[in-house]
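# Following is a predicted model, sequence given first.
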Amino acid sequence: MKIQTLAPKVYVPLLAAHAAVLVAEPARVLSWSYALVLLVLLFTLFLAGRRLRMSVAHNRPWWTMLLLALAMQLAAFGLLLTDSLVHPQGTLVQFDPTFYFCSSSLLLTLAAVYNPVGPLHRWASALDAVLACAVAGLFYALLRGVIRHDTAQASAASFVMWMFDAMALFVVACVTLRFATTKRADERRFFVVLLVFAWAELVFPAIHNRFILSSESYLPELCLDLPFVVLGLRLSQRRNVWFRWYRPSRRVHLVTGGISPFVLSMALCLLAFVQLDRNRAIAFGAMAVGIASYAMRVALLLGHHLRQEGELKHLQRGLRQTVIHDELTGLLNRRGFYRNFDRAWERSTRDRLPLTVALVDIDMFKTYNDTHGHLAGDDCLAKVGRALQQEADAYGDLTVARYGGEEFAVLLLGRDRMMAEHILQRLRLCVEALRIASRRSRHGVVTVSVGLAARDEGEPGEKPALLHQADQALYAAKHAGRNCLRWFAPSLHASELDRHG
Ligand SMILES: Nc1nc2c(ncn2[C@@H]2O[C@H](COP(=O)(O)OP(=O)(O)OP(=O)(O)O)[C@@H](O)[C@H]2O)c(=O)[nH]1
């Protein structure tokens, strides 16, 4: 039989039997009642064990914690059953289940704060686990103190019940916050289960506690079964059908992630405050732990965010470099050239400085590629680029860029025509001096031709026109036999400007 159909078939008769016992009120009705709760709990434990067996390795710690929490509740109800058998009039002093209920809450809280993914989460989990242990310890100390000394008083019974409700509320807050931040699908499957169980553990026992004090009937005892029934029904479903619509947004993730340490520390401080009258040392100790761990948690998060910001800035710098640089030569690419050209143009206008643009083109590069191969061509481009940059460095802040293909561009700001021509002649010669063998070149080595165009001080002009003029001058240099330098002049004859080759 499939487990989905088996679960209701087990729970319904058990609930019916429990209801019948509570209505009929036979002798030792509480013992019967606890025995039936134990049966319901045992079956739920079986279903949880099955889920643990089926879960993937990295989810096992969570399922194990849930299983252990159920085992603690089994022990607690076992004690209640024993107590009801030994003391039919009902006193909880001898067989006190408080320790097991507190341990169960602690395990559920630990499951909510446990996060092994990444060092930040591991450290945060460890801090939260310390807080969770302190909270559970304080709950236990408070409950134990009251149960041991004042059980006879009605106010004490009411205090105990409020404390149990507060404990369940604390677990619900932790589990709900964790569920709200959980993004990974397999984690969500577990936290839906935990969320449903935590809420059922808050609501049904709270109803039970309110009614059991005021009502004559035993029927509210039925509420003790319901959290386990709800959990069992959820565990028996194979697919995650509850809360499938919910996906945490980044904002929810950040907000809830920030609130959860606050909730833990706040709970600890509140409990310490309640404990103040009973034991000052414990109370102040707990407050100190609460505040210190909150501060540590904040410092941890801040450190993480600062580290991330640093990494992001580093990446941004790298990205900017990649966007404006040419990979092969390491020079600025055309985008980088235009950026510098815009800046240089603005400065030239503002400070009335001359601006010269030179286009440097490798001669007969197609032939070089065809003769020596494309890889050798790449190598040649890289060598020429490096040589141009090194030579240009000797003259200060010149811009040297790979303008495209086998063409380079040089920007000279604040240099007159004579100086510009001198520098470009040096650049042309430095390429020739590389002596990169080119079998089919007229000179036997790789050479470059240079076209120059200048904007004189205070001349209006336009940026594209200046580039176009440098291009025309380059054509003229090619036409003049290559490995030479030409200035743009309006008198350049149209036939001279036809592209070579
Ligand atoms: N190896 C290599 N070749 C490139 C690269 N970019 C462009 N080229 C080659 O450069 C050559 C340019 O050829 P052309 O425009 O005809 O000019 P050219 O052969 O240098 O002739 P002139 O400019 O007239 O001296 C083409 O064969 C392109 O394939 C590159 O990144 N690597």
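Nice, I can see it.
# where do the strands sit along the protein?
355-362, 399-404, 407-413, 448-455, 485-487 (DSSP state E).
# among those strands, which is nearest F197?
With Cβ to Cβ, the closest approach to F197 among the strands of the chain belongs to strand 399-404: 64.7 Å. From N, CA and C alone the C-beta is placed, and that goes for glycine too.
# Okay, buried residues for stretch 327-337 please.
Residues of stretch 327-337 classed as buried: T329, L331, L332, N333, R334, G336, F337 (neighbour count, 16 or more other Cβ atoms under 10 Å).
# what's the nearest residue to the last one once chain neighbours are set aside in contact with, if anything?
With Cβ to Cβ, 6 or more residues apart in numbering as the measure, A401 is the residue that lies nearest to F337, at 3.6 Å, once sequence neighbours are left out. Contacts for A401 were tallied using Cβ atoms under 8 Å, 6 or more residues apart in numbering; they are D326, L331, L332, N333, R334, G336, F337, N340, F408, A409, V410, L411.
# count of neighbours near A35?
18 (other Cβ atoms under 10 Å).
# got a list of what it touches?
Contacts of A35 (Cβ under 8 Å, 6+ apart): L81.
# Output the strands of the chain as a markdown table; include the columns distance to the ligand and mean pLDDT.
Output for the strands of the chain, formatted as a markdown table (distance: least, Cβ to the nearest ligand atom, whole Å; pLDDT from 0 to 100):
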| stretch | distance to the ligand | mean pLDDT |
| --- | --- | --- |
| strand 355-362 | 5 | 97 |
| strand 399-404 | 8 | 95 |
| strand 407-413 | 8 | 97 |
| strand 448-455 | 7 | 96 |
| strand 485-487 | 14 | 95 |
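# and the chain, what are its domains?
According to automatic domain parsing, the chain comprises the domains 3-137+150-261+294-313, 334-497.
# now the ones you listed as a markdown table including distance to L143?
Converted to a markdown table, those look like this (distance: least, Cβ to Cβ, whole Å):
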| stretch | distance to L143 |
| --- | --- |
| domain 3-137+150-261+294-313 | 5 |
| domain 334-497 | 70 |
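# Now tell me which of these the model trusts least on average.
Mean pLDDT values for the domains of the chain show the minimum at domain 3-137+150-261+294-313, a mean of 88.
# what about that one, how long is it end to end?
Length of domain 3-137+150-261+294-313, first residue to last, Cα to Cα, to the nearest Å: 53 Å.
# which residue does the stretch 301-450 of the chain bring closest to the ligand?
Proximity of the stretch 301-450 of the chain to the ligand (Cβ to the nearest ligand atom) peaks at G377, 2.6 Å away.
# What number of neighbouring residues does that residue come out with?
18.
# neighbours around the closest residue to it other than its chain neighbours, how many?
Distances taken as Cβ to Cβ, 6+ apart place N369 nearest to G377, at 4.2 Å, with adjacent residues excluded. Look at N369: counted by other Cβ under 10 Å, it has 17 neighbours.
# do A292 as well
Neighbourhood size, A292 [other Cβ under 10 Å]: 14.
# G290 too?
Neighbour tally, G290, other Cβ under 10 Å: 23.
# Show the pLDDT at it.
85.
# so what's it up against?
L131, A134, L264, S265, M266, L268, C269, A272.
# Report pLDDT for the residue nearest to it when sequence neighbours are not counted.
Closest residue in space to G290, ignoring its immediate chain neighbours: L268 at 3.7 Å, by Cβ to Cβ, 6+ apart. L268 carries a pLDDT value of 89.
# how near is L268 to the ligand?
According to Cβ to the nearest ligand atom, to the nearest Å, L268 and the ligand sit 66 Å apart.
# Quick check: residues of the stretch 201-350 of the chain near the ligand?
L328 (Cβ under 6 Å from any ligand atom).
# quick revisit: between the buried residues of stretch 327-337, which is nearest A173?
Closest approach to A173 among the buried residues of stretch 327-337 (Cβ to Cβ): G336, at 54.4 Å.
# Tell me who's in contact with the nearest residue to the closest one once chain neighbours are set aside.
Spatial nearest neighbour of G336, chain neighbours left out: I324 (3.4 Å); criterion: Cβ to Cβ, 6+ apart. When contacts are counted by Cβ under 8 Å, 6+ apart, I324 touches L332, N333, R335, G336, R339.
# swap the cut-off to 10 Å and go again
Contact partners of I324, counting by Cβ atoms under 10 Å, 6 or more residues apart in numbering, are L332, N333, R334, R335, G336, F337, Y338, R339, N340, A401.
# Among the residues you listed, name the ones in helices.
The members of the contacts of I324 that map onto helices under DSSP state H are R334, R335, G336, F337, Y338, R339, N340.
# angle of the longest helix seen in the chain against strand 399-404?
Determined from DSSP H, the single longest helix within the chain is helix 280-324. Calculated by axes from the mean of the first three to the mean of the last three Cα atoms, to 10 degrees, helix 280-324 forms an angle of 70 degrees with strand 399-404.
# any idea how far R122 is from S33?
From S33 across to R122, the span is 43 Å (Cβ to Cβ, to the nearest Å).
# okay, the two: which has more neighbours?
Neighbours per residue, other Cβ under 10 Å: of S33 and R122, the larger number sits with S33, 23 against 12.
# Verify the stated contact: that one with H208.
No. Using Cβ atoms under 10 Å, S33 is not in contact with H208, being 11.1 Å away.
# Tell me the residues that contact both of the two, please.
E221, L222, L224.
# Spell out which residues sit in contact with the second one, please.
Counting by Cβ under 10 Å, 6+ apart, L222 makes contact with 15, 18-19, 21-23, 33, 36-37, 204, 207-208, 229.
# what do you get for the first one?
Going by Cβ under 10 Å, 6+ apart, E221 touches 18-19, 21-22, 29-30, 32-34, 36-37, 208, 211-212.
# of those residues, buried ones?
Counted by 16+ other Cβ under 10 Å, those give H18, V21, L22, V29, L30, W32, S33, Y34, L36, V37, H208, I212 as buried.
# The first one is in contact with L41, isn't it?
No. The pair H18 and L41 fails to qualify as a contact (Cβ under 10 Å) at a distance of 11.9 Å.
# so what sits against both of these two?
Common neighbours of H18 and L41, counting by Cβ under 10 Å, 6+ apart, are L224, D225.
# ok and the residue in the stretch 1-150 of the chain nearest the ligand?
For the stretch 1-150 of the chain, Cβ to the nearest ligand atom, closest residue to the ligand: G118, 42.2 Å.
# in terms of contact, does that residue touch A124 like I think?
Yes. Judged on Cβ under 10 Å, G118 makes contact with A124 at a distance of 9.5 Å.
# quick one: which of the two has more around it?
A124 (21 against 10).
# residues touching that one, list them.
Going by Cβ under 10 Å, 6+ apart, A124 touches V113, N115, G118, G257, S260, P261, M296, R297, L300, L301, H304.
# same deal with L301?
Taking Cβ under 10 Å, 6+ apart, we find L301 in contact with L120, A124, G257, G258, P261.
# so of those, which ones are in helices?
Using DSSP H, the members of the contacts of L301 that fall in helices are L120, A124, G257, G258, P261.
# Report how many residues lie close to the fourth one.
Per other Cβ under 10 Å, the neighbour tally for G258 reads 14.
# I'd say it and L302 touch.
No. The criterion here is Cβ under 10 Å, and G258 misses it with L302 at 11.4 Å.
# so what's G451 closest to, chain neighbours aside?
Nearest residue to G451, sequence neighbours excluded (Cβ to Cβ, 6+ apart): L474, at 2.8 Å.
# how near is that neighbour to the ligand?
Relative to the ligand, L474 is positioned 9 Å away (Cβ to the nearest ligand atom).
# List the residues that contact that residue.
So L474 contacts 358-361, 407, 448-453, 485-486, 488, 497, 499-500 (Cβ under 10 Å, 6+ apart).
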